[in-house]
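Engineer: only geometry, no sequence info:
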Ligand SMILES: Nc1ncnc2c1ncn2[C@@H]1O[C@H](COP(=O)(O)OP(=O)(O)O)[C@@H](O)[C@H]1O
Ligand SMILES: [Mg+2]
């Protein structure tokens, strides 16, 4: 299974660099997220801290807050992008059927195709982190290990979501809007760029219903010492439950939709 | 001989959605289309078997059901003894499939990268994959261009690469859907030779085609399929033999085919007629007529053509081909 996924990832990595515009876009993307927020935040701050912001979060360091948010957001879009967009690309190129008729479990195809996306995101984040440290003096005090432990079940849950998503791409044969809108909405409503407590009541309900919100929140609490919505232990429990439920639901819905597509004959070009 | 592919009353019905609003579910919005209508046949091990039929006959649908891309509506199909629905993974492992068209490989990868990728999907250990890939590239005459992107390949090269991909895991059974469609005559001939060579390796081949000459030249047995049904199944020789008592006549006449078919069908000795505009651009049309073999019909036929206001330019009595078998069975030509 691992070898299969590595082969898929290797192929994706080669293709990634053969479509140069994609490659450039994916590298520039996190910087695009970060820049306006950084300068806007700067405009509202006094001596490098933003007092209004501090009242919401318990920390005046808006830049680190947004930086961590954009990292986690980048992983969200990596999963969506990795699963949805690449599936659509293979459908359009006509190679999906060639892949689908090999004796490879569908699971390996779906997960394998996110590997390259995750690796590139990790490289991007490391690069941005390095730049932030050099340029803006970014530093985090808390335990990075614990932050990563919180992030893992969030990613697991996102994979579940991604499976459903893959099914939808097969069904409606469209991905760009779906990828953009979902990763944007999930990212924003989880508090990628702001503390969710600033949201109006109607939106905060949705936001608090998204387990990703607790991951963002807990990671910031651990690393930056912000005021958490839930204690990190409780957030971890929520996220593990989310992961289990989403993986099960995601897989069931994907296999159901894939079966439907095989009955309809809509996997290939038609 | 064990059967490699066994198909039993296989049927595929597609639901066609009539266009309607997203929310309105009024009326009966779906029409059904029977693409494959209860076909049965088996292909024995080591045989090259052809499904011959015009566009839309259900050939691709049949192949897709066999390679597990499509689930049958009813009936059963077994490949290498495995049921295509219940044991899909085993079926996939026993098959090498080349679908129609040239988009079954990655255009942005090189030929060699494509094969390396698919070899990994078939779980061929990389130590064995490398010589296997080299051997297949050599056999498909792609070695010199193996490190170029596939998008630079000609159609014939893409198709040979697709065949190499299908052969990677040395599967006992190959499914080839219209392998030579869209290729220039030379490339098509090269590919036919390759397919011929597969027989000598003892591989079972099930191919589809709408070129009767291809079916005739390559296949041990041919099933003629039309509108989802098999209307004849035998060796090419026997199929032609079935027309032995009859004679096939080719005519080239001046003008358009209008009215000619009916005029000839009115003759009692004429069994079936197919007329089409010739594609040589000289404004003539070609007639293929199956007669019941009485020599006496030639005079009346020419007479009938003249009466419709056409002039006969060329007239020939020929050995029946598979095309004539098809015309005789369906009353229409393979290429519409
Ligand atoms: N996925 C599909 N949905 C609806 N109709 C289909 C689908 N695939 C094929 N068909 C229809 O089924 C019939 C048989 O098609 P096909 O098997 O592709 O024929 P062939 O390969 O012999 O040309 C055609 O009328 C075609 O339009
Ligand atoms: Mg076809």
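Structural biologist: Thanks, I have it. Keep in mind the model is a prediction, meaning the values are calculated, not measured. Residues are numbered from 1 along each chain as shown, chains lettered A, B, ... in the order given. Ligands and ions are numbered 1, 2, ... in the order given.
Engineer: and the closest residue to residue A:257 other than its chain neighbours, helix, strand or coil?
Structural biologist: Across the structure, with C-beta to C-beta, 6 or more residues apart in numbering or on different chains as the measure, the residue nearest residue A:257 apart from its sequence neighbours is residue A:167 (3.3 Å). Glycine gets a C-beta too; all of them are placed from N, C-alpha and C. For residue A:167, the secondary-structure state derived from DSSP: H, G, I helix; E, B strand; the rest coil is helix.
Engineer: What does the pLDDT read for residue A:167?
Structural biologist: Per-residue confidence for residue A:167 comes out at a pLDDT of 91.
Engineer: same deal with residue A:29?
Structural biologist: According to the model, residue A:29 carries a pLDDT of 68.
Engineer: So which bits of chain B are right by chain A?
Structural biologist: B:14-15, B:61, B:64, B:67-71, B:89-90, B:92-93, B:95, B:97, B:99, B:101, B:103-109, B:113, B:117-118, B:120-123, B:149, B:165 (C-beta under 8 Å from any C-beta of the partner chain).
Engineer: now, which of those residues lie within strands?
Structural biologist: Cross-referencing the residues of chain B next to chain A against strands under DSSP state E gives B:14-15, B:95, B:97.
Engineer: What pLDDT does the model give residue 140?
Structural biologist: Reading this off chain A. At residue A:140, the pLDDT recorded in the model is 69.
Engineer: Sorry, I should have been clearer: chain B.
Structural biologist: Looking at residue B:140, its pLDDT reads 93.
Engineer: Can you give me the neighbour number for the residue lying closest to it once chain neighbours are set aside?
Structural biologist: Residue nearest to residue B:140 in three dimensions, not counting chain neighbours: residue B:160, with 4.0 Å by C-beta to C-beta, 6+ apart. For residue B:160, the tally of surrounding residues (other C-beta atoms under 10 Å in any protein chain shown) stands at 26.
Engineer: how many neighbours does the residue of chain B found nearest ligand 2 have?
Structural biologist: Among the residues of chain B, residue B:60 lies nearest to ligand 2; the distance is 3.2 Å by C-beta to the ion. When neighbours are defined as other C-beta under 10 Å, residue B:60 has 22 of them.
Engineer: What residues does it make contact with?
Structural biologist: B:99-100, B:177-178, B:208 (C-beta atoms under 8 Å, 6 or more residues apart in numbering or on different chains).
Engineer: Distance to ligand 2 for those residues - can I get that in JSON lines?
Structural biologist: Written out in JSON lines, the entries for the contacts of residue B:60 read as follows (distance: C-beta to the ion, whole Å):
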{"residue": "B:99", "distance to ligand 2": "9"}
{"residue": "B:100", "distance to ligand 2": "5"}
{"residue": "B:177", "distance to ligand 2": "6"}
{"residue": "B:178", "distance to ligand 2": "6"}
{"residue": "B:208", "distance to ligand 2": "7"}
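Engineer: Residue B:182 and residue B:156 touch, don't they?
Structural biologist: No: using C-beta atoms under 8 Å, residue B:182 is not in contact with residue B:156; the gap is 9.4 Å.
Engineer: Who are the contact partners of whatever residue of the stretch 51-200 of chain A ends up closest to ligand 2?
Structural biologist: Using C-beta to the ion, residue A:97 is the residue of the stretch 51-200 of chain A that sits closest to ligand 2, at 13.0 Å. The neighbours of residue A:97, taking C-beta under 8 Å, 6+ apart as the test, are A:267-268, B:69, B:99, B:104.
Engineer: now it: how far from residue B:177?
Structural biologist: As for residue A:97, its distance to residue B:177 is 11 Å (criterion: C-beta to C-beta, to the nearest Å).
Engineer: So for these two, which residues contact both of them?
Structural biologist: Among the neighbours of residue A:97, those also in contact with residue B:177 (C-beta under 8 Å, 6+ apart) are residue B:99.
Engineer: Around residue B:202, how many other residues sit close by?
Structural biologist: Each residue near residue B:202 was counted by other C-beta under 10 Å, and the total is 9.
Engineer: Oops, could you answer that again for residue A:21 instead?
Structural biologist: Here the neighbour count serves as a burial measure; for residue A:21 (other C-beta under 10 Å) it reads 7.
Engineer: and if you look at residue B:144?
Structural biologist: Other residues within reach of residue B:144 by the criterion other C-beta under 10 Å amount to 9.
Engineer: next one: residue B:162
Structural biologist: Look at residue B:162: counted by other C-beta under 10 Å, it has 25 neighbours.
Engineer: ok so residue A:71 is a helix residue?
Structural biologist: Yes: the assignment for residue A:71, made by three-state DSSP, places it in a helix.
Engineer: What residue, apart from its backbone neighbours, is nearest it spatially?
Structural biologist: What sits nearest to residue A:71 in space, not counting adjacent residues and going by C-beta to C-beta, 6+ apart, is residue A:125, at 4.8 Å.
Engineer: On the three-state scheme, the one you found is what?
Structural biologist: For residue A:125, the reduced secondary structure class is helix; criterion used: three-state DSSP.
Engineer: Pretty sure residue A:76 sits in a helix.
Structural biologist: Yes: according to three-state DSSP, residue A:76 belongs to a helix.
Engineer: what's the neighbour count on it?
Structural biologist: Counted with other C-beta under 10 Å, residues neighbouring residue A:76 total 25.
Engineer: same question, residue B:323
Structural biologist: Neighbouring residues of residue B:323 were enumerated by other C-beta under 10 Å; the total is 20.
Engineer: Quick check on it: phi, psi?
Structural biologist: Here the main-chain torsion angles of residue B:323 (degrees, to the nearest 10) amount to phi -60, psi -40.
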